[in-house]
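>>> Below are the sequence and a predicted model for it; my questions follow.
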Amino acid sequence: MAEGLEAVIGLEVHVQLLTASKLFCGCSTAFGAAPNTQVCPVCLGLPGALPVLNRRAVELALRLGLALGCEIDRHCRFARKQYFYPDLPKGYQITQFWAPLCCGGRMEFEVDGTPRSVRLRHAHLEEDAGRSVHAEAYVAEDETLVDLNRCGVPLVEIVTEPELHSPREAACFVAELRRLLRCLGVSDGQMERGSLRCDANVSIRPKGAPDQGVATEIKNLNSLRALERALATEVARQVAVRGQGEAVSHQTLCWDAAAQAVAVMRDKEYAHDYRYSPEPDLPPACIPERWIEKLRRALPELPLARKRRLEREYGLPPERAYLLTDDSSLADYFEAVAKAVGVPQLACNWMTGAVARTAKQLHVSIAEFPVPASSLAKLLVEVRDGALSDHAARQVLSTMIATGRPVEDLLASRGTSLPRPEVGRVIEEVLFQHSTLVSGYRQGKKQLFGFFIGEVMRKLPDEADPQEVRALLQERLAGPPADPEGD
Ligand SMILES: [Zn+2]
């Protein structure tokens, strides 16, 4: 950033709510269906069709608003925003222009460990439009196809004050917002599927100047990388324009990821370019105070607060705590194991190591992980007490997953018949078969140790623990005590 200048960034984040059906009709919101198979007269706006507000969508928007400390407008009102677009067959979008459901509030987040906070203007409900398809291989160059499945999908749009000052800050804000949305069950936050998209307003001003200056708007940023790169490119462009003594003009831009450049979409339209009118088919929905209170009481611990608590309570390094709170079921699992084992570091190492790896291999989330926290805890207690090596414990974990046998069974069988007596028996057998070499070893040919290990491991089943074999073999070769050559 050039001397004495600062970037001023405000975001509008469009979030798809995690509902099974659309905002005003019963059509499915499932991703990936064949084009135009999830539509009905209501979401297409055919004559005579009447919208009915989806209660679940309101509930999710309220959850988000309450978590962000917004004020709730208990009269949920809608307006029609009239504009023509090929993927909007109604010719208008139902949104909350005059009366957003959630006002004010703020979002806390961290930028590489430094706490930041940004105020929010509001968060409102609206329906999504359809999708124009032109960038696909099956669409001819001069054609645009339209898929209306997204028409009427419930969105909440979160609008920040222009208080972000770098592309990195903007990306960290969105990353934290996504963690929050997932933790609350409000959205799956999958940017690659379009369930979280950003528009960014960006301007440059002399540091500390009171107003934002002329801003451009970059539309439809659909990954954190695109957001950060697009903002960095646009900030540099505006600094260069200023440097040439010219003025930045009010434009709507889009990010061309292939060219790593911003391109002009159209000259900026102003709010008064749209015609708004109250939505006549939807009476204001009155939200009872007790519903709001019930939702407020049911809010979980939010991810950032939890991250900070994990650092404080369990002494975890920030990056590990961040990793564990990325998914609240992961953090739940960790806390259950850490409490039962009493050594948070051990639990954390296993969670971010063996457990994370195994879950990835099995393609399951931690919520679907086949070994419950209580079983992993029993296993780690053995590791903590030195009764089981890390290696052996990992094998017990694999066996539990492969066979579904309870941890108690596996630990009990290890304690009685397997593998210690088995290892001992095989060691005796190997030493007996190679008694000449044993004498050689005892007379100083220490390099033979590797040969004995190899022989023992070869005769043992797969799950033998090399560390255990090594220890037992060393012990055995050191004796009998009368042997003058003993180690
Ligand atoms: Zn529909």
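Okay, I see it.
>>> going forward, measure contacts between C-alpha atoms and count neighbours the same way
Fine.
>>> end to end, how far does stretch 145-154 reach?
22 Å (Cα to Cα, to the nearest Å).
>>> do stretch 244-262 as well
The straight-line separation of the ends of stretch 244-262 (Cα to Cα) is 19 Å.
>>> swap in stretch 309-328?
Start-to-end span of stretch 309-328 (Cα to Cα) is 13 Å.
>>> And for stretch 398-412?
For stretch 398-412, the first-to-last residue distance is 16 Å (Cα to Cα).
>>> Pull out the buried residues from that stretch.
Thr399, Met400, Ile401, Val407, Leu410, Leu411 (16 or more other Cα atoms under 10 Å).
>>> farthest-separated two in those residues?
Using Cα to Cα, the buried residues of stretch 398-412 reach their maximum pairwise distance at Ile401 and Leu411, which is 14.2 Å.
>>> before we move on, the earlier item: pipe the buried residues of stretch 398-412 into TSV and attach pLDDT per row.
Converted to TSV, the buried residues of stretch 398-412 look like this (pLDDT from 0 to 100):
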residue	pLDDT
Thr399	85
Met400	86
Ile401	85
Val407	89
Leu410	84
Leu411	83
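>>> which one of those residues is nearest the ion?
Ile401 (43.0 Å; Cα to the ion).
>>> near the ion, which residues of the protein?
Applying Cα under 5 Å from the ion, we find that the chain lies next to the ion at Cys25, Cys27, Val39, Cys40, Cys43.
>>> Could you tell me how far the lengthiest helix in the chain lies from the centre of the chain?
Ranked by number of residues, the top helix in the chain under DSSP state H is helix 224-243. Chain-centre distance of helix 224-243: 26 Å, with Cα atoms, centre = their mean, to the nearest Å.
>>> Bridged to the nearest residue to Leu227 once chain neighbours are set aside, which residues?
Closest residue to Leu227 apart from its sequence neighbours, by Cα to Cα, 6 or more residues apart in numbering: Leu221 at 5.5 Å. Beta-bridge partners for Leu221, by DSSP bridges, are Cys198.
>>> What is the burial count for Leu221?
25 (other Cα atoms under 10 Å).
>>> now swap in Ala79 and tell me
Applying other Cα under 10 Å, I find that Ala79 has 22 neighbouring residues.
>>> if I pick the residue nearest to Leu227, what's in contact with it?
Neighbouring residues of Leu221 by Cα atoms under 8 Å, 6 or more residues apart in numbering: Arg197, Cys198, Asp199, Leu227, Trp255.
>>> What distance do you get for Glu319 to the ion?
44 Å (Cα to the ion, to the nearest Å).
>>> what helix or strand is that residue on?
helix 318-324 (DSSP states H and E).
>>> Now tell me what touches the helix or strand that comes right after that helix from outside.
Using DSSP H and E, the helix or strand that follows helix 318-324 in sequence is helix 328-341. If you take Cα under 8 Å, 6+ apart as the criterion, helix 328-341 is touched by 183, 303, 324-325, 344, 346-348, 351, 366-367, 373-374, 376-378, 380-381, 384.
>>> Under the pLDDT cut-off, which ranges of this structure? List them.
Within the chain, the stretches with pLDDT under 70 are 266-273, 414-421, 461-464, 479-487.
>>> repeat that with 50
416-419, 481-487 (pLDDT under 50).
>>> Identify the residue spatially nearest to the residue in the stretch 51-200 of the chain positioned nearest to the ion, adjacent ones excluded.
Going by Cα to the ion, the ion is nearest to Gly152 of the stretch 51-200 of the chain, at 6.9 Å. For Gly152, ignoring the flanking residues on the chain, the nearest one in space by Cα to Cα, 6+ apart is Glu127 at 4.6 Å.
>>> burial of the one you found, as a residue count?
Glu127 - counted by other Cα under 10 Å - has 22 other residues nearby.
>>> tell me the contacts of it?
Glu127 makes contact with Leu23, Gln93, Ile94, Thr95, Cys151, Gly152, Val153, Pro154, Leu155, according to Cα under 8 Å, 6+ apart.
>>> Could I get the residues you listed in a markdown table, plus columns for secondary structure, neighbour count and distance to Ala171?
Formatted as a markdown table, these follow (DSSP: H, G, I helix; E, B strand; the rest coil; neighbours: other Cα atoms under 10 Å; distance: Cα to Cα, whole Å):
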| residue | secondary structure | neighbour count | distance to Ala171 |
| --- | --- | --- | --- |
| Leu23 | coil | 29 | 28 |
| Gln93 | strand | 24 | 28 |
| Ile94 | strand | 25 | 29 |
| Thr95 | strand | 24 | 26 |
| Cys151 | coil | 29 | 28 |
| Gly152 | coil | 28 | 28 |
| Val153 | coil | 28 | 25 |
| Pro154 | strand | 29 | 24 |
| Leu155 | strand | 25 | 20 |
